[in-house]
Every structure is written in structure tokens, then in C-alpha cells.
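Colleague: predicted coordinates and the sequence they were generated for:
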Amino acid sequence: MTEVSPVHTQADNPASPVKAKAIISFEGVTKRFGKTIAVDNVTLQVQEGEFFALLGPSGCGKTTLLRMLAGFEAPSEGRILIDGKDIAALPPNKRPVNMVFQSYAVFPHMKVSDNVAYGLKMDGVAGDEIKTRVEEALDLVKLDGYGARMPDQLSGGQRQRVALARALVKRPRVLLLDEPLSALDAKLRDQMRSELTSLQEKVGITFMMVTHDQDEALAIATRCAVMNRGVLTQVATPADLYEFPNSRFVADFVGSVNMFEGVLEKDEQNEAQVRCPELSAPVYLDHGVTGARGATVWVALRPEKIEMHKRTGEAPKMEDAPPGMNVVGGVIRDIVYLGSETNFEIELEGGRRVKTFRSNLTRYDQEDFTWDEPVWLAWHACSPAVLLS
Amino acid sequence: MAKEALPVAAAAVSAPPLKREKPGPLEYMRRWPLQLMVGLTLFFLYLPLITLMAFSFNDSRRNIVWQGFTFKYYEKALNNDSLIEAFVNSLTIAFFCTVISVILGALAAVMLWRFRFPGKTAVEGTIALPIVVPEICLGVAMLVFFARVMPWPQGLPWPLNLGAITIAHISFAFPFVATVVRARLSSFNRELEEAAKDLGASEWRTFWDVLVPHMQPALIAGALLAFTLSLDDFVITFFTSGPDTITFPVKVYSMLRFSVTPEVNAASTILIVVTVVLTAVGLHMQNQKPKESKA
Amino acid sequence: MQQSWSQAKAAFAAVAVPPVLWLLLFFLIPLGVIWAYTFGENVGPVTIDFTGTFANYARALEPLYLGIFWKSLVVAGLTTLLCLIVGFPVALAIAFATPRTKAWLLLLIMLPFWTNLLIRTFALIAVLREQGYVNFALEWLWNNASGFMALVGLQPLGAYEPLTLLYNNTAVVIGLVYVHLPFMVLPLYAALDRMDRSLMEASLDLGAGHLRTIWAVVVPLAAPGIASGVLITFIPALGAYLTPDLLGGTDSQMIANVIERQFKRANDWPFGAALSFLLMYLTFIAIAAQAFVQRKAERRG
């Protein structure tokens, strides 16, 4: 983290955390397993009522961070606070957080209602209250009437609901979800996404989720933290993460991207220009990038931000481009028809290939382009993100 | 963010030097009550054995107070012809028992794993029986069998005179081998066998080229088990051995009945070392990846 | 997919005949002969008539022998209980140790199991006898305590009387625990190691303490492993011959010692055979009980 230049800080943290309202805060948390560093000096705040996602490839330390919060691992360095109190001394059973495990961890030898009642019994809640609260919790996850079943009589999705009810019934300060949707099939996953969101709105508890699936994080979370090799790379809202990534890693990990290495030639308040050897023309931007002139930068361009047009004559020159647009010529080399859209791979003049796609707006759209057809590509001067690292 | 991180980083530096990390909640081995428990258990298990081994070098007949280092009880033990004979008998029996048990056990395992046949449950149950029948019952059954039903001829030349004991040992050792091998076979991917046949191997070639290499670790483990069971057995041997077929445990037993001498310590130490070395070799072989078995 | 034997008769015969024949000849026939003896009578020094009498069983159920059976059950039960009390925490610690420590601890637990039973029993005698190390250690403590009491002006303790740790029932139980502890630890370890850790974490997460978690989650889920550990400790302890013979006193005879006496000294084979079969039936009852627990646990999923 110390290597990040100050250039980024204002851009990547628009919702700069207000310290007073932070429900969870990690302060310089590091976790080592032997010689490997799983979590490297992470500082992070989560606000009351957020649906927060920890996003990253497997082995990036996101699960370790969650498990430290739950109390299953002790940090090697740093502090973790809940509501401003250091929780290092609290064992997992004394922490005001509850977890939905990746494998759900529903006790196989207990009825559904006993599973949900387990945590309340541990808190010494009275028998009558346990009964009503268990019923409420099962209602909440749409499992009313399933109380007498054994877990092996439930489907995977139902077992997950039991795990959710079991954790929520304790009314934790924060609900932790470890890869909650990874074990479900695609249809059920879509359904659970929206259910998780509405559930969180209903109970008003802060949710913190770990996932390696960027679609999931973008779809559900109100704010995401991207981790890579134990380091927190960027914390932002889903839209900011996608549109304003702060590094090549984030741009590449969240969504699909065309990345061009280049040199910053011009950098003023309202415009900038990057020369990329792989593109025939320099890339124009309608905003400044606050980098040093001559620095190596990367231009990240999302495929859907590229328009594709048929071309007959010579490749268009930069001067021919409409104002505020960048234009480059190429030839279609690969077409993948996906039904709702079609993916194209276009070879530019230098040999570099670029991804783009078109929505199939009519039933005949996919016939518009064919292999080896010359095209020109255009994108707005505001579309690319310029990355310094 | 970098700015924000700064004071925290400074705090981390000024914090007291790293203590040992707090154990995670499930790291039971790092909690002192359990460490104490494990320590005491190991102490309980090893104190007698280690003192026995240490005092086999003690230069005192009373075997209580340390008087000085000596090898004389080893010399004595090695010059005790009947002890040596018993030791050789034990190793011979264990060797034959191992070879035959591994063959019978592997065959039984393949039979139960591979085939459906009438009376299978009964055969399965009977093979498991020698594992659970109390040793004393098997011992007296063997005594009666070799006394009345099939008397083993007296005065046969060595090692044929050990036949009765060897047969008794195989009867209780091979079911153990069968169990170990069968457990291993259950993890066998049948498609490997089908692939071999698809590529033109005969039934017999398939067995040798695919199934036997898969069984190999279990065969080694089974052999180790059969060897140790045979070497260790006292009760069944006690009922089947005659005056000229004394095995090592039976010999030690009779020595113990008369008097506890340091000689027994020395002989026991030798046997412990032999077993430990054999176990180590066996485990090592088992851990090695089975080498490619191209003939 | 299993193959029917009739589809490959030659292959089936090749693998089936040797083990089945061996089992029949050298296991079932000997047991069958003993079983026949239980209904026989001694009519001469070496001749036995198969008269179909139940007198041997009737005699085995006399109070004297019934008492010995009862005693064997109590001693084996106590041994199993002690092994469980010691073995469970040890297995728990091993199952949750780091892989390296785990491998070493398992080896250390298993090593005595590979060592000759007779030698282990003999080694225990050297430690427990009146001139043994346990007594030496206690004497040292006693003398120091005595010296300390004299120092603070109290009446010093008398001379140390060595404890008689051998040749009684306590010695038999200690010996059986010593010999059978690995039998208990290994299946318990296997059961605990297989268990889904997240279930324990879930229990802790929901507010249960460690003891609560072990009682409410670990024990029920590890029940089949505990049952098999109990069984493979209990069965050999019930039929133990060597340990009571070497460590026990005149009143610590267990059933196996009585059987041995009928065959080797009293020369009453029919009666010894009847006792043997009763012991076997007890063993089968224990196995059936374990199978029952296992089935119940499996039904639960």
C-alpha cells in the first residue's frame, strides 16, 4: 500500500469513510501463516447498514480477513474494532458477528428448528422467546413449516436459508457471508442475489460478503473492496470500481478490458494524450490524468465502449475522427455468437487484437459482419481509464 | 488512504515486539491443558519402554540403580543359544506368515471387491471373524485342532516343524491384510481397467498392469501388519508351540516366570529396535510413490 | 459395478478358492471342533465323548464363573472408559495440530503399538514394582515433604512405605490401559480428523463455548468413531490373557486365564470350550451394539 502514489487517493475513495459511523474497522491488519503473508497491512472501514463485498481471486486473503473478523484467526499485527472497541481479546463465541459458512455448516444431527435455536440457547434466551424468534427467522428466509425437517431432507438452497436464519436470528451487528452463492446452480444464484439484497433491506443489518465472482459483487454490494495477494487494492462503489479502476489489476479483474501500454505525451486540465505503440494514432482523453509527462501509463478500454462500423476505403486518420472521438481501423478476425450479443476480435494494423461486442438488437443483427471484414473502431474521449500502475 | 495508513503503521512499529501469535480457536494443540495431556500420555507410553532400554546397558544385576555402562547383557543374550533359536524361529514364522497372508489377503479382497456370488455376506462375515474372535478362543481352537484333528508330525526338520504355528498365525493375520487391501481397492477407478482393456490388454495383463500397482501401498501396509502381528503374538503361539518350537515371546515369557534378568532387557531392546527399523522401512516404502511398473 | 461370478468362472475360482479353503480348514473347522466339545464329556484322560450335554454351560453359569465373567466385563469396561477419557483429548489435540506435528504425534502414538505386547508388559512391571521408578519418585517426594515439614517445625513424616502397585486389580487396569490406549486414540483421531471443521466454527460463532461445542456438536457427529474406538478397545481387553496373568494377583484372574487353566492344567477341555464360546458370544453382543450405534448414526446422514 505504501507504494501507491498520492495521485490515486482522491479518485478511488469518493465515499471517504466517516470514522464516527464505522461499524467495523481494520487498522493495519496483517496475517502471516509461517512465511506466507495472507493479509498485508489492510486498513478498511465498513459503515453501518452497508452491504459490503470483499472481492478478489482465490488466495488473495479475503476469506482470511473475514475469518479474523469472526475470530477464527488471530491477526499477526494490527487491530480490528467493532463499534470502536478492539475485539482481539474476544473469542469467536463472544463476538457480535455471525457467519454464513461457505459449506453452510448446518448441523446434520439437529432438526432445522434446533439449528436455528442453537445460538439463542447459547445466549440463554427463554424458551418461549426462542420459539417465536425461530419461527420469525424461518419466515424471513421463506422456510416456514420446515422446522421439523432434518438437514438431509433439504436441498442445497434450503440449507443455505437455514444457515442464514440461524445467523440472523441472533441479530448480530454484522452478518458475515463466505462465498454465499458459490455452491448454488446458476438459476438459483440469480434468485438468491436479489433475495439477499431484499433480506438485508428488511433486517437492516450490516452484511459483509466474501466472493471471487465480480458479477456477484457488482450486483449485490453497495461497496466493494478488491484484494490482490493480501493487499487491499481499491475500495469503491460497484460503478466506480468498474468505470474508474485504480490499477491494471482492478481493471482486468472486474469485467473485461482492452489494455494498451503507452507514454503520456500531453497532460493538461481538460485534455490529455497517450501514445500507444500498438495503436496507429495517439489516444485523446477529455480530462487530465495528473501524471508526469513521459511516464509509462496504461489505457484501459472496456469492450462495450467501442463502436464498430463497416469500412470501405483506407483506414481513417486521426484527423478524420469526429470531435471528441478516437478512431482506429482493423479487420475482424474472430466472431463468437452468444445469442443476446456477439463478441468480435478485431486485428489492428500493428497486429494487436481488440475485443468488442454488439448487442443483437434485431434477429438479423448477427449477419451484419463477417470474418476478415475491414472495420473501423471508435470510442469517446471520456471512455478509457488511464492507469498509472 | 496512504496518508490515513501512516499513523497506524507508526503505531504498529511502536507496539511491543511481536509476541507469539494467539492460537486460533481450533488450534487445540496450542492450548496448555491439551499439551499437558498429550505430554503426560506420551510420558506414560514411553517411560517404561525407555527405562527398559536404558537399563539394558546398566552394569548391575538388580537393575534398579545406574551402576555404569555395559554391553555384557547383550553378550549374554547373544550367547544364549535357546534365546537365539527362539528369535530365529520367530523371524522365520513371521516371514512365511507375511508372504502367505499377503497372497491370501489380496485374493480375498479382490474376490469380495470384484464379484457377486451366492453366500457373499456369509463369506464376508467369516473373513472378518478372525479379527474379532478373542485370541484365547482362537488359541484353544488351534490347540485342539493340532492335537486331535490334524496332528502336526513331531520331529520334522527345521523349518517344517514350525508349520503348525505358522498356519495358526496366517489364519488370524490374512483377514487383516484383506481388510487393508479392500479399503484400498474401493478407491480404484474402474475406468482405468476399462481403458486398459480398450487398449487391448487381456484380463490377466490388466490385473498386473493396472490393479496390482494400485494395490501396492496396501500390500506393503498389509505385509507390515502381518509381520508385526506374527512377531508380536504370544497367546496363540503359546497354545500351538511344542518344546522344540519355542518362539521369542514364549521364551521371554518363561524367562520372566523364573526371574527378571537384565538379559531379558537386552533381548527386548533388540526386538524393539528390529520392529522400529522394520516399521520405518515399511512406512518409507509406503510413502514413496509407486514407481512405474513397465515390465 | 460388480461382476457376477458365473460370468468369469475361472477368474473367480482363482481368487476365491485359496482364501475360502484356508478359512474353512484352518479357522472354521477348529472353531467347530471346539464348539462340538462344549457339548462333550471327559471320559478318560484324553478321550472325550460328544454326549450332547449342557452340563458344561450349566457349570459355566455357576456363581464362581459368573463372577469371573462379571469381573472381566467390569475390568474391560473400566479400561475402555479410562482409555476414552485419556484418548479423546489426545485425539482432539492431534487432529487439530499442524500437519508436521500431527505426523510425528501419530507416529509416537503408534510406535508402542508396533512393539511386542509382552515386552511392554514387562517394561511396565519394572516401573510399577516396589523397587520401581514410580515408587522411587514417590519416595523422593515423600522424603522432601518430610524434610520440608521438619524445616517448618512440624512433625516429620514417617519412613516411606512403598506402594504395592503390582499384582492386584489396579495393576491389571493400568496395564490394560497402557496396552490399549493406541487402539482408542487412532479411530477417535480418524473420526475427528474427518469432521467438517466449519461445523465446529459455526457452533463457536453462534456463541457456544469449547466444551459446549464438543458436547453438542463434536461428540454426536463423531459417535460412530467413538463407538468403534470403544469396541476395538473393549474386545481385546475383555479377552486379555497376558496382562492379568503377569500383572494381576491371585484374585485378578480374568476369563481368559480361567480358559487357559482348563486347557493347560485342569485338562477339562469341554468346560474350557464352553467358557470360550461364552466369551465369544459376549464379544458378538458388543459388536452388535456397535453396529447398532453405527446404523443409527448413518441413518442420520
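Modeller: Perfect, I can see it now.
Colleague: partner residues bridging the nearest residue to A:I335 once chain neighbours are set aside?
Modeller: Nearest residue to A:I335, sequence neighbours excluded (CB to CB, 6 or more residues apart in numbering or on different chains): A:F344, at 5.8 Å. (Each C-beta comes from the backbone N, C-alpha and C, glycine too.) Applying DSSP bridges to A:F344 gives these bridge partners: A:I335, A:T356.
Colleague: quick one: A:F344 and A:K355 touch, right?
Modeller: Yes. Counting by CB atoms under 8 Å, A:F344 touches A:K355, with 7.3 Å between them.
Colleague: higher neighbour count, these two?
Modeller: Set A:F344 next to A:K355 and count neighbours by other CB atoms under 10 Å in any protein chain shown: A:F344 wins out with 24 against 18.
Colleague: how close does that one sit to chain C?
Modeller: From A:F344 across to chain C, the span is 44 Å (CB to the nearest CB, to the nearest Å).
Colleague: quick one: pLDDT of that residue?
Modeller: In this model, A:F344 is scored at 93, pLDDT.
Colleague: kindly report the same for A:P323.
Modeller: According to the prediction, A:P323 has pLDDT 74.
Colleague: what's the answer for C:T101, then?
Modeller: Looking at C:T101, the pLDDT reads 88.
Colleague: how many neighbours does it have?
Modeller: 15.
Colleague: what of the one 5 residues further on?
Modeller: C:L106 has 18 neighbours, counted by other CB under 10 Å.
Colleague: could you verify that it is part of a strand?
Modeller: No. With DSSP: H, G, I helix; E, B strand; the rest coil as the criterion, C:L106 is located in helix rather than a strand.
Colleague: show me the residues around it that make contact.
Modeller: The contact partners of C:L106, taken as CB atoms under 8 Å, 6 or more residues apart in numbering or on different chains, are C:94, C:186, C:189.
Colleague: and the pLDDT for it?
Modeller: We have a pLDDT of 90 for C:L106.
Colleague: same deal with the one 4 residues further on?
Modeller: We have a pLDDT of 85 for C:M110.
Colleague: stretch B:75-92: which residues count as buried?
Modeller: Buried residues in stretch B:75-92, defined by neighbour count with 16 or more other CB atoms under 10 Å in any protein chain shown: B:77-78, B:80, B:83, B:85-87, B:89-90, B:92.
Colleague: could you do stretch B:30-40 as well?
Modeller: Applying a neighbour-count criterion of 16+ other CB under 10 Å, one finds B:30, B:34, B:37-38 buried in stretch B:30-40.
Colleague: next, give me the two most distant ones among those residues.
Modeller: Maximum pairwise distance among these (CB to CB): 13.0 Å, between B:R30 and B:M37.
Colleague: may I have the secondary structure class of residue 250?
Modeller: Let's take chain A. Each residue gets one of three states, and A:V250 gets helix by three-state DSSP.
Colleague: switch to chain C, please.
Modeller: C:T250 - assigned by three-state DSSP - is coil.
Colleague: what about residue 180, how many neighbours?
Modeller: Because you didn't say which chain, this covers chain A. Counted with other CB under 10 Å, A:P180 comes out at 26.
Colleague: that's the wrong chain, I wanted chain B
Modeller: Neighbour tally, B:V180, other CB under 10 Å: 25.
Colleague: show me what contacts it?
Modeller: Applying CB under 8 Å, 6+ apart, the residues near B:V180 are B:105, B:218, B:221-222, B:225.
Colleague: so which helix or strand takes in it?
Modeller: Taking DSSP states H and E as the criterion, the element that holds B:V180 is helix B:163-185.
Colleague: hmm, the helix or strand following that helix touching chain C?
Modeller: Sequence-wise, the next helix or strand downstream of helix B:163-185 (DSSP H and E) is helix B:190-198. Yes. Using CB under 8 Å from any CB of the partner chain, helix B:190-198 reaches chain C at B:R190.
Colleague: helices and strands of chain B: which one has the lowest mean pLDDT?
Modeller: Of all helical and strand segments in chain B, the minimum by mean pLDDT, DSSP states H and E falls on helix B:2-14, at a mean of 36.
Colleague: now the helices for chain A?
Modeller: Ranges of helices in chain A, per DSSP state H, are A:9-12, A:62-70, A:112-122, A:127-140, A:156-168, A:186-203, A:214-220, A:238-243, A:248-253.
Colleague: for chain B, find the nearest of the ones you listed.
Modeller: Across the helices of chain A, chain B has its closest neighbour in helix A:9-12 (5.4 Å, CB to the nearest CB).
Colleague: quick check: mean pLDDT of that closest one?
Modeller: 39.
Colleague: cool, and stretch A:158-172?
Modeller: 93.
Colleague: okay, and the helix or strand of chain C with the least pLDDT?
Modeller: That would be, for chain C by mean pLDDT, DSSP H and E, strand C:48-50 at a mean of 78.
Colleague: contacts for it next, please.
Modeller: With CB under 8 Å, 6+ apart, strand C:48-50 has contacts from C:36-37, C:39-43, C:269-270.
Colleague: mind checking which of the residues you listed are buried?
Modeller: Members of those classed as buried by 16+ other CB under 10 Å are C:37, C:39-42, C:269-270.
Colleague: residues touching A:T197, list them.
Modeller: A:51, A:220.
Colleague: confidence score at it?
Modeller: pLDDT, A:T197: 92.
Colleague: the least confident helix or strand of chain C: partners in the sheet, and parallel or antiparallel?
Modeller: Partners of strand C:48-50 in its sheet, by DSSP bridges: strand C:40-42 (antiparallel).
Colleague: and the strand it pairs with, how far out from the chain's middle?
Modeller: Here the centre of strand C:40-42 is set off from its chain's centre by 32 Å, with CA atoms, centre = their mean, to the nearest Å.
Colleague: name the residues that touch that strand?
Modeller: Outside of strand C:40-42, the residues within contact range by CB under 8 Å, 6+ apart are C:48-51, C:53, C:55-56, C:267-270, C:273.
Colleague: residue ranges with poor pLDDT in the stretch 151-295 of chain B?
Modeller: Across the stretch 151-295 of chain B, the ranges flagged by pLDDT under 70 are B:259-260, B:288-295.
Colleague: residue numbers of it in contact with chain C?
Modeller: Proximity of the stretch 151-295 of chain B to chain C (CB under 8 Å from any CB) is limited to residues B:167-168, B:170-171, B:174, B:178, B:190, B:203, B:228, B:231-232, B:234-235, B:239, B:248-249, B:252-253, B:256, B:260, B:264, B:268, B:271-272, B:275-276, B:279.
Colleague: B:L160 and B:T245: what is the separation?
Modeller: 10 Å (CB to CB, to the nearest Å).
Colleague: higher neighbour count, those two?
Modeller: B:T245 (23 against 11).
Colleague: I'd guess that one is in a helix, am I close?
Modeller: No. Checked against three-state DSSP, B:T245 lies outside a helix; its state is coil.
Colleague: pull the contacting residues for it.
Modeller: Residues counted as contacts of B:T245 (CB under 8 Å, 6+ apart) are B:89, B:161-162, B:164-165.
Colleague: swap the cut-off to 6 Å and go again
Modeller: For B:T245, the contact set (CB atoms under 6 Å, 6 or more residues apart in numbering or on different chains) comprises B:161-162.
Colleague: how about the closest residue to B:P134 other than its chain neighbours, phi and psi?
Modeller: Of all residues not flanking B:P134 in the chain, C:G239 sits nearest, at 2.9 Å (CB to CB, 6+ apart). Phi and psi for C:G239, reported as degrees, to the nearest 10, are phi -100, psi 20.
Colleague: hmm, C:G239 is touching B:V133, no?
Modeller: No. Using CB atoms under 6 Å, C:G239 is not in contact with B:V133, being 8.5 Å away.
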